[in-house]
Structure formats: C-alpha cells, structure tokens
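Undergrad: with the sequence up front, the predicted model follows.
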Amino acid sequence: MRILEVEHYAKQFNIHHLGRKIEAFDDLTFSLKQGQFLLVSGTNGSGKSTLLRCLYRTYLPTGGRALYHSLHGLIDLARAADIDIALLRQEEIGFVTQFLRPRPRVSAIELVAEPLLATGMALNEAEGEAGELLESFGLKPELWKAYPTTFSGGEQQKVNLARALIHPRRLLLLDEPTASLDAQTRAALVGRLAWLKEQDVAMIGVFHHPGDVRELVDTELALGNKTGVAGYPKVEEVYVVE
Ligand SMILES: Nc1ncnc2c1ncn2[C@@H]1O[C@H](COP(=O)(O)OP(=O)(O)OP(=O)(O)O)[C@@H](O)[C@H]1O
Ligand SMILES: [Mg+2]
C-alpha cells in the first residue's frame, strides 16, 4: 500500500541580505510504499537534509505536494495545518538526526521509555524495553540512570536513536543517524531498521556510510548539486511546529 506520493516538490531559500535565491532541490517526484526503504544520496549541499525537513515540515516547501496516506486519511504535508502536522509527529512520522538535545535532569532510560509510556504501556515494561534497546546499542548499564547532558557524542546518539526507534512509526525520516557511531553500534542500528522494515515502517534516509544499509534499500533518490555553492551562508528559515 502507498504511504507517500511526492510530486514536483521544490524548495528555494530566499537569501534576503544577498537579494538572491538558493535552490535546494526542484521538481522531485517519487513515491513510497509501506515497508519500503528509500536511500537519498548526493554530494554536500545537494538538498538531502532540506528534503527531509520539508517532509517533516521543519521547513515549508516552495512548490509541489507530498500526499501522505495517514491513518486518518490523505493529507498534503506541504499544506497541512500545523495542528495536523503536530499530531502526525506524535503518532505517525518520526525524524532522527545526528543530534540529541538532551533535556536537563531526565535520565537516559526515561528519555527512551517516554514514547512507550505515551502509548499507555506500564512503566516497568517500558523501562524494560528501553533497557534492552540501549543494551543492544551498547550503552553501558551504569549510564542508564544518568543524565545524557554529560554523555559523549556517540553515547548521546545511542540514546537519541533508541528514543526515536523504540516505537515503530509509519514513516521514519533519517538524516545521517550513524555519523558519530562506532562500527558495532552501526550494525545494531541496521538490525533495528531491518526489524522496523518488517513492521511495515516506510523509511527515507541519508546515510554517511550507505554500505551499511545496502541490504535494506529498495530505491535510491540521487540529488544533484544544482546550487554548487559549498558552505554558503545560511539564513534562519526554520518553520517550527510545536
Ligand atoms: N536555512 C537555510 N537557509 C539558506 N540556505 C539553506 C538553508 N538550509 C539549507 N540551505 C542551503 O540549501 C542547500 C542544501 O542544503 P542541505 O543541508 O539540504 O544539503 P545536504 O545535501 O544535506 O548536505 P550535507 O551532505 O552537507 O549534509 C545548501 O546549498 C544550503 O546552503
Ligand atoms: Mg545534510
């Protein structure tokens, strides 16, 4: 069953102080079925992260549509009301990046168990599952009750991934989730993604080491570097939905 149909998707940034526009991507058309894995590839600055953010609606796309088949019906992610996007983020669409923004005085195990508690699972059971996942990602048990604010980059990423992947979403967007991980953890992550795929989760991902996920990939979307401007000054154009 189709879950996402992206048609003529485009995103331009207005660089006001330079009086010009930057095209992150233009006229992208692709679709995704449940349980399918789409690998997004391309050079630095080719628009990979921007595409994921436009689907998650951190950015507003400037053209095209993204028809998402939600449990409640068909919805265009490019035009949906903020309240609907907020609900989809709670229930159906997950986004995992390279970075965890740890909340002060919340332990690793609490952060990971939270999405399960939100589904109504009992605390003991949720923390049990959270511990199992953290263990499979190689986070030392003595750190489970500690606050991730003081963790190393790789340790924070393990918590970040466990939190994002503990409860299967219908559509998962992944932006270089393996960048700060050692080989062993990368293998554990790939195992988890394979399990999610078996649960029919559709995934769109950018990977620092695409070889890791070769076995999972169904289709690939190669983005071209149309702007050709590496390290271009960024402007804040973040569209936040709380
Ligand atoms: N908020 C922004 N304001 C202005 N330009 C932006 C913004 N975000 C991204 N861009 C520009 O859009 C283009 C695509 O950026 P994007 O981050 O999507 O690339 P990427 O393919 O993810 O690159 P990388 O491999 O380095 O992560 C770049 O030229 C970038 O400068
Ligand atoms: Mg990127």
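TA: Nice, thanks for sending it over. Numbers count the residues shown, from 1 in each chain. Ligands and ions are numbered 1, 2, ... in the order given.

Undergrad: hey, let's count contacts and neighbours off CA atoms from now on
TA: Will do.

Undergrad: which parts of this structure are strands?
TA: Per DSSP state E, the chain carries strands over the ranges 2-15, 20-33, 37-41, 63-70, 73-76, 93-96, 171-175, 202-206, 219-222.

Undergrad: show me what the fifth one is packed up against.
TA: Applying 3 or more CA pairs under 8 Å, 6 or more residues apart in numbering; DSSP states H and E, one finds that strand 73-76 makes contact with strand 63-70.

Undergrad: show me the contacts for the spatially most central residue of the chain.
TA: Using CA atoms, centre = their mean, the residue of the chain that lies closest to the mean C-alpha position is F95, 2.6 Å off. Neighbour list for F95: 56, 164, 172-175 [criterion: CA atoms under 8 Å, 6 or more residues apart in numbering].

Undergrad: specify the beta-bridge partners of it.
TA: With DSSP bridges as the criterion, F95 is bridged to L173.

Undergrad: could you measure from it over to V201?
TA: Look at F95 and V201: by CA to CA, to the nearest Å, they are 13 Å apart.

Undergrad: which neighbours do these two have in common?
TA: Residues touching both F95 and V201 (CA under 8 Å, 6+ apart) are L172.

Undergrad: returning to that earlier point: tell me which of the strands of the chain lies nearest to ligand 1.
TA: For ligand 1, the closest of the strands of the chain is strand 20-33, at 4.3 Å, according to CA to the nearest ligand atom.

Undergrad: what residues does the lengthiest helix in the chain touch?
TA: With secondary structure taken from DSSP state H, the chain has its longest helix at helix 183-198. Helix 183-198 is touched from outside by 35-37, 136-138, 165, 168, 178, 203, 212-213, 216, with contacts defined as CA under 8 Å, 6+ apart.
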